[in-house]
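**Q** quick one: sequence plus predicted model below, questions after.
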Amino acid sequence: MTNGTPTHSWNTWQKGLASVVLALLFVINLPTYTDPDLWGHLRFGLDHIQAGGLSWTDPYSYLNEGYPWINHEWLMETFMGFAWLWGGEIGLTILRHFVYSLTIGILFWYLIRQFRAPFVPAIIISLILVATTLWFARVVRPQIFTFLLFACTLIIIDQAERGHFRWLWLMPLIVAFWVNLHGGFLAGCGVLGVWMLARLATSPRQWQHFVPPVAVSAIATLVNPYGWDLLRFLLETATGDRPEIADWQPLPLRSEFGIIYLSVVTFAVAGLIFSRLPRRPIPIGLFILVSLMPLLAIRHLPLMGIAFVVFIGEHVVDAWQRLIGERQREVPVPGWLVPVPFMVAALILLIGIGRYDWRIAPALPVPEQAVQLLRQSDFRGRLLVDFGWGQYVIWHLGPQVQVGMDGRRETVYPPEVYDLYVQFHYGTDNWDAILERATADAVLVEKGSPPSNLLQLKEGWQLVFTDDVSMLFINETSASAQVIARFADSFTPVESNKAFP
């Protein structure tokens, strides 16, 4: 027995079946997709490597002059830059796979090592974990490190709850690393802080075991190039509205993600009801806290899945044993059949990896043909572009072409500029004020969008190119934009089946 949970060992047949499941999950996770910020992350990472340090001001936009650039994801971008220099798209895909597989592997190990999970519940819990994380982990983005380090944080908290307080001294190292990778460290530090306060309320005499490492972890958040300014900035912007970013919207329960969310809640409630283990109030309370976060922003669903494994997994395991496992009878497997699952797993991996072309696939349309036109015309100037296309343009045309907005949002643009962009994006209020703030030479927007319709009616603006994806307008008073108009008449786009880079 371990913490009230029966000890189980997997036989060779079960290990083989698990290898088949893991091989299938690996192959399913092979495809890597573009993210609107992928081009920018890579561009900035390569800049860091070339310059040997960070850029404190941004050369890629014309609407942020004099505004400091707080790049809170600089370390992940540097990793991406090195991965690209080493192996191009393969390097980026391997980086993503390594971090995500390590996350799943650590949590699977915890299921087996700490909870002694039998085969079936271990697989079920792992599939729930994958369902909550897979969609968010199929792009190369800094958030994948948050999944890994959030999992490590919750495991450390769970171990401290079991009396192993020494694990907490790993947290300052984790936080010092995390704070330079992704703003998700705020979620991890928030959960750690709530746990510490709960422990102080319930076990004040043990304060010396957990307050010092948590306090040092708080200090470790300052181990970043911007010091306190980074924390101030993130705390100011963490609760801001992001209407143009899908995964910052509240999770709709009537959706595929909603079904996943409700399934996790159902398994958690059933596990807690039927488990014979002590129901530890602090871990359960932390799971409830994390499970509320997706209702504020869809992107927090993976954190809920991770919390489910660490804080609720043991109860699901015990409930399974109580309701089903104790009634199961082990069926003998012929000796000649035992190696077959391992062979099947190897075959799945060989076929899956062999047939995968390692190219990063498009997730959303990009203005490829319009960017071809801008490049071939040798346009140099100011281009106001859709939020989701800004970093695509930066990669292909910057800094000769400076954008008016991109996915870095408040990290590089003043709040008033972003507010003007939102009005432009939705065609509301003073929708064209951003065009006058710093006169734009050209505008590249999605076909059929509110600004594309309004620009066709606005005096002084000329539509020079359109395709199924985008519409390109030029300012008729801009001398630098005239090169686009002259070149557009004879421009013939080149068809391409490759969206990245």
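**A** That came through, no problem. Just so it is clear, the structure is predicted and the values come from calculations on it, not from any experiment.
**Q** what about the helices in the stretch 201-350 of the chain?
**A** Ranges of helices in the stretch 201-350 of the chain, per DSSP state H, counting those that start in this stretch, are 207-220, 228-237, 256-274, 281-292, 301-307, 313-323, 340-355.
**Q** what helices or strands is the fifth one leaning on?
**A** Of the remaining helices and strands, those touching helix 301-307 by 3 or more CB pairs under 8 Å, 6 or more residues apart in numbering; DSSP states H and E are helix 119-133, helix 143-161, helix 256-274, helix 281-292. No exception for glycine: its C-beta is placed from N, CA and C like everyone else's.
**Q** the shortest one to helix 256-274, inter-axis angle?
**A** Looking back up the chat, that one is helix 281-292. 160 degrees (axes from the mean of the first three to the mean of the last three CA atoms, to 10 degrees).
**Q** which neighbouring elements make contact with helix 281-292?
**A** Secondary elements touching helix 281-292 (3+ CB pairs under 8 Å, 6+ apart): helix 143-161, helix 185-202, helix 256-274, helix 301-307.
**Q** right, and these - which one's nearest residue 289?
**A** helix 185-202 (6.5 Å; CB to CB).
**Q** show me what the closest one is in contact with.
**A** 146, 149-150, 153-154, 157, 160, 171, 174-175, 178-179, 206-207, 210-211, 214, 217-218, 221, 234-235, 238, 281-282, 285-286, 289-290, 293, 300, 303 (CB atoms under 8 Å, 6 or more residues apart in numbering).
**Q** name the residues of it that are buried.
**A** Residues of helix 185-202 classed as buried by neighbour count (16 or more other CB atoms under 10 Å): 185-189, 191-192, 194-196, 198-199.
**Q** picking up where we left off before, just put the helices of the stretch 201-350 of the chain in JSON lines and tack on mean neighbour count and distance to residue 46.
**A** Output for those, formatted as JSON lines (neighbours: other CB atoms under 10 Å; distance: least, CB to CB, whole Å):
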{"stretch": "helix 207-220", "mean neighbour count": "16", "distance to residue 46": "28"}
{"stretch": "helix 228-237", "mean neighbour count": "15", "distance to residue 46": "22"}
{"stretch": "helix 256-274", "mean neighbour count": "16", "distance to residue 46": "34"}
{"stretch": "helix 281-292", "mean neighbour count": "17", "distance to residue 46": "35"}
{"stretch": "helix 301-307", "mean neighbour count": "26", "distance to residue 46": "28"}
{"stretch": "helix 313-323", "mean neighbour count": "23", "distance to residue 46": "40"}
{"stretch": "helix 340-355", "mean neighbour count": "14", "distance to residue 46": "27"}
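**Q** those: lowest mean pLDDT?
**A** Of all these, the minimum mean pLDDT falls on helix 228-237 (a mean of 85).
**Q** picking up where we left off before, closest one to residue 430 among the helices of the stretch 201-350 of the chain?
**A** helix 228-237 (23.3 Å).
**Q** so what touches that closest one?
**A** So helix 228-237 is contacted by 68, 70, 72, 179, 183, 186, 221-222, 224, 226, 410-411 (CB under 8 Å, 6+ apart).
**Q** can I get that helix in CSV, CA atoms only?
**A** Written as CSV, here are the backbone C-alpha positions of helix 228-237 (Å, rounded to 0.1, in the frame of the first residue of the first chain):
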residue,chain,number,x,y,z
TRP,A,228,10.4,44.5,-11.6
ASP,A,229,9.2,46.2,-14.7
LEU,A,230,8.3,42.9,-16.2
LEU,A,231,6.2,41.9,-13.2
ARG,A,232,4.5,45.3,-13.2
PHE,A,233,3.8,45.1,-16.9
LEU,A,234,2.4,41.5,-16.8
LEU,A,235,0.3,42.3,-13.7
GLU,A,236,-1.2,45.3,-15.5
THR,A,237,-2.0,43.4,-18.6
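**Q** pull the distance from it to the chain's centre.
**A** Relative to its parent chain, helix 228-237 has a centroid offset of 20 Å by CA atoms, centre = their mean, to the nearest Å.
**Q** buried residues of the longest helix seen in the chain, list them for me.
**A** Looking across the chain with DSSP state H, the single longest helix is helix 74-113. Within helix 74-113, the residues that qualify as buried by neighbour count (16+ other CB under 10 Å) are 74-84, 89-97, 99-101, 103-104, 106-108, 110-112.
**Q** what about it, distance to the chain center?
**A** Remark: helix 74-113 is offset 12 Å from the chain centroid, using CA atoms, centre = their mean.
**Q** could you find the lowest-pLDDT member of the contacts of helix 228-237?
**A** Among the contacts of helix 228-237, pLDDT bottoms out at residue 410, giving 82.
**Q** residue 153 is in contact with residue 311, correct?
**A** No. Counting by CB atoms under 8 Å, residue 311 stays clear of residue 153, with 11.9 Å between them.
**Q** name the nearest residue to residue 433, ignoring sequence neighbours.
**A** residue 420 (5.3 Å; CB to CB, 6 or more residues apart in numbering).
**Q** and the one you found, how many neighbours?
**A** Using other CB atoms under 10 Å, residue 420 has 24 neighbouring residues.
**Q** so it: helix, strand or coil?
**A** Three-state call for residue 420 (DSSP: H, G, I helix; E, B strand; the rest coil): helix.
**Q** how much space between it and residue 477?
**A** To residue 477, residue 420 is 20 Å away according to CB to CB, to the nearest Å.
**Q** what do you get for residue 261?
**A** Residue 261 is 52 Å from residue 477, by CB to CB.
**Q** I'd say the residue nearest to residue 433 and residue 434 touch.
**A** Yes. At 4.0 Å, residue 420 counts as touching residue 434 under the criterion of CB under 8 Å.
**Q** pretty sure residue 210 sits against residue 166.
**A** No. Applying CB under 8 Å as the test, residue 210 and residue 166 come out as separate, 10.6 Å apart.
**Q** ok so, going back, quick check: which of the helices of the stretch 201-350 of the chain is nearest to residue 365?
**A** Across the helices of the stretch 201-350 of the chain, closest to residue 365 is helix 256-274 (CB to CB), at 21.2 Å.
**Q** and the angle for the closest one with helix 119-133?
**A** Going by the same axes, to 10 degrees, helix 256-274 makes 140 degrees with helix 119-133.
**Q** what does helix 256-274 contact?
**A** Contact with helix 256-274 is made by 124, 128, 131-132, 135, 251-253, 279, 284, 287, 291, 294, 298, 301, 304-305, 308, 312, 315-316, 318-319, 322-323, as judged by CB under 8 Å, 6+ apart.
**Q** same check on stretch 311-318?
**A** 3-5, 110-111, 114-118, 121-122, 124-125, 154, 158, 267-268, 270-272, 274-277, 279, 283-284, 286-287.
**Q** domains in this protein, as residue ranges please.
**A** 12-30+70-327, 368-488 (automatic domain parsing).
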